[in-house]
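Participant: Mind folding the following:
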Amino acid sequence: MDEVIKSIGQLNETKLKKAFTAANFTYPPEKISLIAIKDADILELWAHQGRQSKHIKNYPIKAASGVLGPKLREGDFQVPEGIYNINAFNPNSAYHLSLKLNYPNAFDLKYAQLEGRTEPGSNIFIHGKAVSVGCLAMGDEAIEELFTLVHKVGRPNVNVVITPTNPDLGQLTVPEGAADWVKILYQNIEGEIAKIRN
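Facilitator: Predicted coordinates for the structure are as follows:
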């Protein structure tokens, strides 16, 4: 981990400082939020300092498998939808570098258990390269920036929201045939994004 940060940190902090300066926001911020919008293939970076929040930049998502709708089981190739934290760094990833999400979270586990789904899946990452099986592939340049930034602000200060569509453009639509709980999930996502963006 130390070797990776030593190798990529300075260059990527220079890039990040430039982006934060352009957005007229303090670097490093106290907290950050990442909003992944599946149908737009965009990852938004938001920074938070006290009560202030600011959109810093967008990263293109190079690859994300599956369709709109939450992840239900191991091997369904779905990118999850929900509100997550980053629970690990992987400096030795096969996909250059990666940030592991805490999927399945308590919400995912609750409804998996209620529906008798014993294998809801695991090992979901934001990573480099441009190939994905249920993860968000950002390309190597972007993951280096994100890895550096998450290391700088600290994992507990990072919030990740994965949404099927941009709720600013209209209410999230529950996929046809989806379980009733997906409506609750989408309301939670809409509420969380509203907090981040306001």
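
Participant: how about the strands in this protein?
Facilitator: 31-37, 42-49, 52-60, 82-84, 86-90, 98-101, 125-127, 136-137, 158-163 (DSSP state E).

Participant: Export the ones you listed as TSV, with columns for distance to L185 and mean pLDDT.
Facilitator: C-beta coordinates here come from the backbone N, C-alpha and C atoms, glycine included. As requested, the strands of the chain are exported to TSV (distance: least, CB to CB, whole Å; pLDDT from 0 to 100):
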stretch	distance to L185	mean pLDDT
strand 31-37	15	98
strand 42-49	19	98
strand 52-60	23	98
strand 82-84	6	98
strand 86-90	20	98
strand 98-101	15	98
strand 125-127	20	98
strand 136-137	18	98
strand 158-163	10	98
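
Participant: taking those strands together, which one is wrapped up most tightly?
Facilitator: Per-stretch averages of neighbours, counted by mean count of other CB atoms under 10 Å, single out strand 136-137 among the strands of the chain, with a mean of 28.

Participant: Give me the helices and strands touching that strand, please.
Facilitator: Packed against strand 136-137, as judged by 3 or more CB pairs under 8 Å, 6 or more residues apart in numbering; DSSP states H and E, are the following elements: strand 125-127.
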